[in-house]
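**Q** Give me a model of this one.
(chains A and B)
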Amino acid sequence: MSRPAEATHEPALEIRFGQVGLAQLRLRTTDPAACVDELTGRIASAPPGFFERTAVCVDLTMLEREPEIAEMRTVLDAVRRAGMLVVGLTSGTDAIAGLARALALPILPAFRVPKKPPAPTQVPTGQPAAAAGTSAAALVHQQPVRSGQRVYARQHDLVVTATVGAGAEVMADGCVHVYGALRGRAMAGARGETAARIFCLTFHAELVSIAGVFRVFETIPGELAGQPVQAWLDGDALNVARLGG
Amino acid sequence: MTEIIVVTSGKGGVGKTTTAASLAAGLARRGKRVAVIDFDIGLRNLDLIMGCERRVVYDFVNVIQGDCTLRQALIKDKRLDNLFVLAASQTRDKEALSVEGVRRVLDELTADGFDYIICDSPAGIEKGAYLAMYFADRAIVVVNPEVSSVRDSDRILGLLASKTLRAEQGNGGVQEHLLLTRYSPRRVAAGEMLSVADVREILGLEVLGVVPESADVLSASNAGSPVILNAESIASHAYEDAVGRLLGEELPLRFVDEPKKGFFARMFGS
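**A** From the prediction side, this is the model:
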């Protein structure tokens, strides 16, 4: 469900957070000639039109030093001449952020840190695998979240051990757990993690959202009001149901 | 040891000034030395409720700007010797207040040996309300038993937990209390008003007192005498209980149930 369930009118626009496929162009040199040579070679060996108007995000993190602004302009011109559309720079150092501002390009956060190829033989370790993209401990918030306050657990689960008031917002890149009444808004998977879930002990929420799919509760269904509830995403459908049967 | 208490609510018209005046008078009547400050610059009311509006020569803003000394601006109450009022300025706006200026006045009152400084906050969440709560040790959040007042109180409680000196220093934060005013047990029983239990549950805080809806409050305001001084009013008894609880007494809540009628109701009623 991508529309608010209770809305009577079709909204004029939607804001959705999700992942889109995007080619990354990792530069190893800022020499425009070398870049053009390499790109023309790649484009020639690809199916015709494959790289035509392809959106690319330029990754500067492999360069030995941050390039000058003039240098960057020349390289980006070369990339554009090869037929690609530069839509942003991959996040990295502060200098890269400065360059992005000067070039009027957005900074796009990397979802995965580039990994080195795995060693040919891997010895299995006894450690449990950490959830992708989140570190081990959750952000624990012990005070009530009052109307007008926002609590956001970046790259973590969020645990609130008190109530979340009407007009308050709790958000996490992972799951949201509220061990109290949830009267405000709860958003899990704020960066598109579709496996994230929302749990609360006493459900009175105004809105719940997972990975950008949301549901507004103008009136709360009788079987959910005041109950322990969890919300999860099944494809494009946001499910909300009583916990424990 | 001086304790700074802010009386606040977010929403207007819920009884902040009435509460500030009655708590100040109640504490003073128990022998405490009390100063009550009106932070509602431009909409000064506390002097009216305290009945000293014709004795205001200098005000809070004059003290902050150095036009007069604090001693010159403090108005001594005619009924209670150890109660003083610092009026707001009616001709300035709230921009005339500054963190440093407020700090100086509160420090001077503390050095002067006051037991309690009651800060009567303006409505809203702007500068005046922010400065009224910034230096507080305790906060009394005045709330009416209706949803918009409860929502605004929740907002104010959030600000108390983040935008005060105690919150910034991280030493336990401001001690928060709820005070319900305009409570009508009859309307609660009829399901037209939130109950004490509802408000307590939504805001997650204990109540310092419940002041019943009473016509005496309006007549006390018009007469320029804090309602707590009208011994015949139930509102006075409720405020007196709140003062007792503020001083650490354990008192049962009164005036929260509909009065029972007649003998049979008492014998066989619920």
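**Q** Got phi/psi on the closest residue to residue B:163 other than its chain neighbours?
**A** Spatial nearest neighbour of residue B:163, chain neighbours left out: residue B:130 (6.2 Å); criterion: C-beta to C-beta, 6 or more residues apart in numbering or on different chains. (Glycine included, C-beta is placed from N, CA and C.) Backbone torsions for residue B:130, taken as degrees, to the nearest 10, come to phi -60, psi -40.
**Q** Surely residue B:130 and residue B:162 touch.
**A** No. Applying C-beta atoms under 8 Å, one finds residue B:130 not in contact with residue B:162, separated by 11.1 Å.
**Q** Low-confidence stretches in chain A?
**A** Scanning chain A with the threshold set as pLDDT under 70 gives A:1-10, A:17-21, A:45-50, A:110-136, A:245.
**Q** Could you do chain B as well?
**A** B:260-270.
**Q** For it, what lies in contact range of chain A?
**A** Applying C-beta under 8 Å from any C-beta of the partner chain, we find that chain B lies next to chain A at B:151-152, B:154-155, B:157-159, B:161-162, B:201-204.
**Q** that's a strand at residue B:176, yeah?
**A** Yes. Read with DSSP: H, G, I helix; E, B strand; the rest coil, residue B:176 is one of the residues of a strand.
**Q** what about the closest residue to it other than its chain neighbours, how many neighbours?
**A** Excluding its sequence neighbours, the residue lying closest to residue B:176 (C-beta to C-beta, 6+ apart) is residue B:139, at 5.2 Å. Around residue B:139 there are 27 other residues, counting by other C-beta atoms under 10 Å in any protein chain shown.
**Q** and the residue of chain A most remote from its centre, helix, strand or coil?
**A** Taking C-alpha atoms, centre = their mean, the residue of chain A most remote from its mean C-alpha position is residue A:33, at 35.1 Å. Secondary structure state of residue A:33, per three-state DSSP, is helix.
**Q** which stretch of helix or strand covers the residue in the stretch 101-250 of chain B that chain A sits nearest to?
**A** Residue of the stretch 101-250 of chain B nearest chain A, by C-beta to the nearest C-beta: residue B:158 (2.9 Å). Here residue B:158 sits within helix B:147-160, counting by DSSP states H and E.
**Q** Give the buried residues for that helix.
**A** The neighbour-count check on helix B:147-160 (16 or more other C-beta atoms under 10 Å in any protein chain shown) flags B:149-160 as buried.
**Q** Distance to residue A:229 for the residues you listed - can I get that in a markdown table?
**A** Shown next, in a markdown table, are the buried residues of helix B:147-160 (distance: C-beta to C-beta, whole Å):
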| residue | distance to residue A:229 |
| --- | --- |
| B:149 | 28 |
| B:150 | 23 |
| B:151 | 22 |
| B:152 | 27 |
| B:153 | 26 |
| B:154 | 21 |
| B:155 | 25 |
| B:156 | 28 |
| B:157 | 25 |
| B:158 | 24 |
| B:159 | 29 |
| B:160 | 30 |
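**Q** Okay, domains of chain A per the record?
**A** A:23-108, A:135-242 (automatic domain parsing).
**Q** would you put the C-alpha positions of stretch B:190-207 in PDB?
**A** The C-alpha trace of stretch B:190-207 is given here as PDB (Å, rounded to 0.1, in the frame of the first residue of the first chain):
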ATOM      1  CA  ALA B 190     -20.800  12.300  32.200                       C
ATOM      2  CA  GLY B 191     -17.900  11.500  30.000                       C
ATOM      3  CA  GLU B 192     -17.500  15.100  28.800                       C
ATOM      4  CA  MET B 193     -14.200  15.700  30.300                       C
ATOM      5  CA  LEU B 194     -10.900  13.800  30.800                       C
ATOM      6  CA  SER B 195     -10.500  12.300  34.200                       C
ATOM      7  CA  VAL B 196      -7.500  12.700  36.500                       C
ATOM      8  CA  ALA B 197      -6.500   9.100  35.700                       C
ATOM      9  CA  ASP B 198      -6.700   9.900  31.900                       C
ATOM     10  CA  VAL B 199      -4.500  12.900  32.200                       C
ATOM     11  CA  ARG B 200      -2.100  11.100  34.500                       C
ATOM     12  CA  GLU B 201      -1.800   8.200  32.100                       C
ATOM     13  CA  ILE B 202      -1.400  10.300  28.900                       C
ATOM     14  CA  LEU B 203       1.300  12.500  30.400                       C
ATOM     15  CA  GLY B 204       2.900   9.900  32.600                       C
ATOM     16  CA  LEU B 205       3.200  12.100  35.600                       C
ATOM     17  CA  GLU B 206       1.700  12.400  39.100                       C
ATOM     18  CA  VAL B 207      -0.600  15.300  39.900                       C
END
